[in-house]
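Peer 1: output the structure for:
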Amino acid sequence: MVKSEYLEGYRKYAKEYSVHTSNKLIQFQLNHFISLLPKNSKILDAGCGSGRDSAYFADEKLEVTSIDIVAELINEAKNNVKNVNFKLMDMKDIKFDENTFDGIWCMSSISDVEKKDAPMVIGNFNKIIKNNGILYISAREGQGEQVIEKGFFNDLPRFYAYYSQQELEELLVTNKFKVLSACISESNGVKWVEVFAKKE
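Peer 2: Numbers count the residues shown, from 1 in each chain. As a prediction, the model looks like this:
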């Protein structure tokens, strides 16, 4: 998915990353996602990191399964969050049955994936989400890919894949999702493409 050296920052700084992101809830998006789902829905938090958003969903009485490729982040999540099923898993090699989830939440994680692998990831999402299931996905806004050599706490390299709104929408439509809404937002000086979509 991403070269191993680009994941090293997450491994080395899992605890620091957890603290750094713990207060950055995007509450409007979380609540809007929940509002589009049936009650007591079964959802997947794809690329859950330290489990911040997973905890919010669990508190709202959703049945939450959460995956991440970094074992150290999964361990942090298990220590910090209750009532969530955390699994070490690569989004490119998802091991769930078809039509398992009512919704998939993928906040920023697609920007950790090399663009050549993104269609496979979105295709996997389509397989495991139920008909009319809801997908929320966000990505860093821009073009191409970038490696920031000292992107983790001024130490280790960090990889980003950037998307325009049109590019992300086309990726979803190609993989049989219908775009419900899309926008460009900004948080702490970083622009994001955010899309709510539904499996057709």
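Peer 1: out of the helices and strands in this structure, which is least certain?
Peer 2: Every helix and strand of the chain was ranked by mean pLDDT, DSSP states H and E. The lowest is helix 14-21, at a mean of 54.
Peer 1: tell me the average confidence for the next helix or strand after that one?
Peer 2: For helix 14-21, the succeeding helix or strand toward the C-terminus, using DSSP states H and E, is helix 27-35. Mean pLDDT, helix 27-35: 94.
Peer 1: which secondary structure elements does helix 27-35 sit against?
Peer 2: Contact here means 3 or more C-beta pairs under 8 Å, 6 or more residues apart in numbering; DSSP states H and E; on that basis helix 27-35 packs against helix 52-59, strand 101-107, strand 129-141, strand 190-199. No exception for glycine: its C-beta is placed from N, CA and C like everyone else's.
Peer 1: which positions within the longest one qualify as buried?
Peer 2: By 16 or more other C-beta atoms under 10 Å, the buried positions in strand 129-141 come out as 129-130, 133-141.
Peer 1: got these as TSV, with pLDDT columns?
Peer 2: As requested, those are exported to TSV (pLDDT from 0 to 100):
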residue	pLDDT
Ile129	99
Lys130	98
Gly133	99
Ile134	99
Leu135	99
Tyr136	98
Ile137	99
Ser138	97
Ala139	98
Arg140	96
Glu141	98
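Peer 1: pLDDT below threshold where in this structure?
Peer 2: Along the chain, the parts satisfying pLDDT under 70 run over 1-26, 150-156.
Peer 1: how about 80 then?
Peer 2: Along the chain, segments meeting pLDDT under 80 span 1-26, 149-157, 188.
Peer 1: in CSV: the helices and strands packed on helix 27-35, plus distance to Asn31.
Peer 2: Putting these into CSV (distance: least, C-beta to C-beta, whole Å) gives the following:
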stretch, distance to Asn31
helix 52-59, 9
strand 101-107, 12
strand 129-141, 11
strand 190-199, 12
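Peer 1: Gln165 is nearest to which of these?
Peer 2: Smallest distance to Gln165 across the helices and strands packed on helix 27-35 (C-beta to C-beta): 4.9 Å, for strand 190-199.
Peer 1: that closest one to strand 129-141, inter-axis angle?
Peer 2: Strand 190-199 and strand 129-141 meet at an angle of 160 degrees, taking axes from the mean of the first three to the mean of the last three C-alpha atoms, to 10 degrees as the criterion.
Peer 1: who does strand 190-199 pair up with?
Peer 2: On the basis of DSSP bridges, the sheet neighbours of strand 190-199 come out as strand 129-141 (antiparallel), strand 177-187 (antiparallel).
Peer 1: what comes into contact with it?
Peer 2: Contact partners of strand 190-199, identified using C-beta atoms under 8 Å, 6 or more residues apart in numbering, comprise 29, 32-33, 36, 108, 126, 129-142, 163-165, 168-169, 172, 176-186.
Peer 1: quick check: angle from that strand to strand 101-107?
Peer 2: Inter-element angle recorded for strand 190-199 and strand 101-107: 170 degrees (by the same axes, to 10 degrees).
Peer 1: list the buried residues in stretch 181-197.
Peer 2: 182, 192-197.
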